[in-house]
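Trainee: pasting the sequence and the predicted coordinates here, then a few questions.
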Amino acid sequence: MSTSFPAVTAVRNVRPWGGEASDILIDGSEITQVVPATDAPIAETEIDGRGLLAIPGLVNTHAHVDKSWWGHPWQSYGGEGGTDGRIRHERARRDELGIPSVEITSAVLAESVKTGTTEIRTHVDVDLGLGLRGIEAVREAVATYDGALACEIIAFPQDGVLRRPGVLALLEDAAKAGVEHIGGLDPAGIDRDPVGQIDAILGLAAEYGTGVDIHLHDGGSLGAFQFDLIIDRTRTLGLQGKVNIAHGFAIVDQTPQRRAELLAQMAELDITMTTVAPVRMTQFGLHEFDDAGVRFGFGTDGIRDLWSPYGTGDLMGIAWQYARGSGIVRDEDLLRVVQLATSAAAPFAGVAQNDLATGSRADVVLIDAENPMDALVRTLPRERVIGGGKLLFTR
């Protein structure tokens, strides 16, 4: 089943990236031209942009759209702290809340879309209790957008890989079924076998042609050792451009020299990173990563789930959190943060181009703001959201 979203053939009288008033012309899911604004009458399939700021669609590079209690009454935080404690608590309560399901995922996607997200890379739990039904639910929910929402899925072993016999076989089944990426979780901290998990995950990716997206929370020298292992296996298995490290807290724990060495090797192999800009931690260095040539994107992580009651689905809020936590104040750096949240992040969702330019996917977000920097620092409401050439949201 698909939801009917009206096709858009032009977004008229907008200011792309805060520039001159322009008309963005669209054919199907693609931008065909960006031309100076005209005063011709607005057609039925066109949107009157009223001089609003236009930016590309936001890209959520690290989501968990399969597990949330959005749509349910308030759920009080419970269970034990720590990664293992949160896993046990989630396993104990997810069935009573209908997690995962098409309905849950649809609610999360709707909240994401209305804040301007048009492209998503999401982790989806795969374990012995669920099998692959979480992936099936997410695929079904995304399909209702009929191509207007770009989405890639990571088969995510939230409860560990090697410590749960049978999970590796499930990940292989997911790869055979066409999942875009294979995930992993704290090879040392959870599985207590960093070499074994990393060899297994990256080996599957090499065999089936998938990407890899591995949660790595372990900090300090233990985390850095796992960076080394991932770098080594990426090079050995020829997985350049296919590996992402999520969170990667250890990278900010290293000395400048050690971090520079890791970043240089990652850039050589195009190993990327994703961050949820945690408020209590040092942020990735904007210039340090850019100068090294290591790409990174922003993600919302879980949204109102059994791990935490926080999260709204607004990726711009995460970008704000990163910028504020990094002490970013200059225009060029604020603009770069918006680019990281939009156009620069397109490959994370399997999109070749996400920009307000000819040939780009037609993802356009309209905001009543002076410029992209203003939109970021005030996290202003999104007025209109167009995804893949279809109108997804009107405020």
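Mentor: That came through fine.
Trainee: my guess is L380 contacts V365. True?
Mentor: No: if you go by Cβ atoms under 8 Å, L380 and V365 don't touch, sitting 10.6 Å apart. Bear in mind the C-beta positions are built from the backbone N, C-alpha and C, glycine included.
Trainee: more neighbours: which of those two?
Mentor: The neighbour comparison of L380 against V365 (other Cβ atoms under 10 Å) goes to V365, with 27 against 15.
Trainee: what score does the residue nearest to the more buried one when sequence neighbours are not counted have for pLDDT?
Mentor: Leaving aside its sequence neighbours, V365 sits nearest to G116 (Cβ to Cβ, 6 or more residues apart in numbering; 4.1 Å). Predicted confidence (pLDDT) at G116: the value is 98.
Trainee: excluding its backbone neighbours, what's nearest A177?
Mentor: In space, A177 is closest to L132, 6.7 Å off (Cβ to Cβ, 6+ apart).
Trainee: ditto for E180
Mentor: E152 (4.2 Å).
Trainee: and what about the one you found, helix, strand or coil?
Mentor: Following DSSP: H, G, I helix; E, B strand; the rest coil, the label given to E152 is strand.
Trainee: quick check: the residue nearest to A177 touching K176?
Mentor: No: when contacts are counted by Cβ under 8 Å, L132 is not listed as touching K176 (10.2 Å).
Trainee: which phi and psi values does the residue most central in space within the chain adopt?
Mentor: Note on the chain: the residue nearest the mean C-alpha position is T61, at 1.5 Å, using Cα atoms, centre = their mean. Main-chain dihedrals, T61, degrees, to the nearest 10: phi -90, psi 0.
Trainee: what is the neighbour count of G184?
Mentor: With other Cβ under 10 Å as criterion, G184 counts 30.
Trainee: thought D193 was touching P187?
Mentor: Yes: counting by Cβ under 8 Å, D193 does reach P187; the two are 6.6 Å apart.
Trainee: so these two - more neighbours on which side?
Mentor: P187 (29 against 16).
Trainee: residues in contact with the more buried one?
Mentor: By Cβ atoms under 8 Å, 6 or more residues apart in numbering, the residues touching P187 are V161, D193, P194, V195, G196, Q197, I198, I214, L216, Q226, L229.
Trainee: those residues in strands, which ones?
Mentor: When DSSP state E defines the strands, the subset of those inside them is I214, L216.
Trainee: let me see the ranges of the helices in the stretch 101-250 of the chain.
Mentor: 102-114, 133-143, 167-176, 194-208, 220-237 (DSSP state H, counting those that start in this stretch).
Trainee: now do the shortest one: everything it contacts.
Mentor: Contacts of helix 167-176 from elsewhere in the structure, counted by Cβ under 8 Å, 6+ apart, are 126-128, 131-132, 135, 155, 157, 159-162, 182-183, 200-201, 204-205, 207-208, 210.
Trainee: hmm, which of those residues are the buried ones?
Mentor: Among those, those buried by neighbour count (16 or more other Cβ atoms under 10 Å) are 126-127, 132, 135, 155, 157, 159-162, 182-183, 200-201, 204-205, 208, 210.
Trainee: returning to what we had before: which of the contacts of P187 are buried, as a ChimeraX select command?
Mentor: With 16+ other Cβ under 10 Å as the criterion, this ChimeraX line picks the buried residues out of the contacts of P187:
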select :161,193,194,197,198,214,216,226,229
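Trainee: determine which two of the contacts of P187 are furthest apart.
Mentor: G196 and L216 (15.1 Å; Cβ to Cβ).
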